[in-house]
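>>> Please find the sequence and the predicted model below.
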Amino acid sequence: MYGIPSSAQSGIAYQTQRNYDSYSETGAACKINVPPLFDYVTCSVGALAVGVGFVKNMWTNEYYISGNKDSILVPVAISTASGKQVSSKDLAGASFVGGHIHNIPSRTKSKMTMGEITNEFVSGASISVGSGAYGLVGNYVKPLVNKQSPINGAWPTEFGVGTSGVDME
């Protein structure tokens, strides 16, 4: 193979044979188990302080539908502070983000899988604060849970693409 070192060529040949052997025995190609880049992904749209989103748990491939009620006061306050009128683009938006859950209690990690932890998080209520510029967005999410919840103390960050602006929901 032109341009590929011989050590890499032997690795490619080995993986090819391994996939062929796996397929001939099971009828399925060999899959490499790699953890997902994000714990969950969310696609959401909103207008006039009401939004809807679709959430996918990347560990279990389960889907959820979410709804939110934003504060219409945030874009109004920002426009007032900057001396500009509220425009229609300030009252509508969309985003596609991936979330990673941080600070998971060790007792929870020992009793639950990441898929179960992610389900516990995405199926509950939360408060979100985020902002975006130039098509990139970031959010901080605080789950609304009691002290006995397995995700008490955990918080995710979300990063992705979306409309510019500041958001609180």
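Yep, it's here. Numbers count the residues shown, from 1 in each chain.

>>> Tell me how this protein divides into domains.
According to automatic domain parsing, the chain comprises the domains 1-33, 40-168.

>>> can you tell me the average pLDDT over the first one?
Across domain 1-33, the average pLDDT comes to 63.

>>> L136 versus the closest residue to N119 other than its chain neighbours, what's the distance?
Counting by CB to CB, 6 or more residues apart in numbering, N57 is the residue found nearest to N119 once chain neighbours are left out, at 5.8 Å. (C-beta placed from N, C-alpha, C; glycine too.) Look at N57 and L136: by CB to CB, to the nearest Å, they are 24 Å apart.

>>> more crowded one of these two?
Using other CB atoms under 10 Å as the criterion, N57 and L136 rank with N57 on top: 23 against 14.

>>> Surely the more buried one touches G115?
Yes: judged on CB atoms under 8 Å, N57 makes contact with G115 at a distance of 6.3 Å.

>>> Strands of this structure, residue ranges please.
40-47, 50-57, 63-69, 92-102, 126-133, 136-143, 155-162, 165-168 (DSSP state E).

>>> Could you list the paired strands of the third one along with their orientation?
Translated: strand 63-69. Looking at strand 63-69 with DSSP bridges, its paired strands and their directions are strand 50-57 (antiparallel).

>>> same deal with the fourth one?
Each strand that strand 92-102 pairs with, and the sense of that pairing, follows from DSSP bridges: strand 40-47 (antiparallel), strand 155-162 (antiparallel).

>>> what's in contact with it?
Applying CB atoms under 8 Å, 6 or more residues apart in numbering, the external contacts of strand 92-102 come out as 37-48, 58, 117-118, 121, 132, 137, 139, 141, 151, 154-163, 165, 167.

>>> In PyMOL, select just the buried ones from the residues you listed.
The PyMOL command for the buried members of those (criterion: 16 or more other CB atoms under 10 Å) is given here:
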select buried, resi 38+39+40+41+42+44+46+58+117+118+121+132+137+139+141+151+154+156+158+160+162+163+165+167
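
>>> looking at this structure, which helix or strand does the model trust least?
Ranked by mean pLDDT, DSSP states H and E, the helix or strand of the chain with the weakest confidence is helix 73-82, at a mean of 57.

>>> Is it possible to get JSON lines of the strands of the chain that adds distance to S110?
As requested, the strands of the chain are exported to JSON lines (distance: least, CB to CB, whole Å):
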{"stretch": "strand 40-47", "distance to S110": "21"}
{"stretch": "strand 50-57", "distance to S110": "20"}
{"stretch": "strand 63-69", "distance to S110": "25"}
{"stretch": "strand 92-102", "distance to S110": "16"}
{"stretch": "strand 126-133", "distance to S110": "24"}
{"stretch": "strand 136-143", "distance to S110": "20"}
{"stretch": "strand 155-162", "distance to S110": "20"}
{"stretch": "strand 165-168", "distance to S110": "35"}
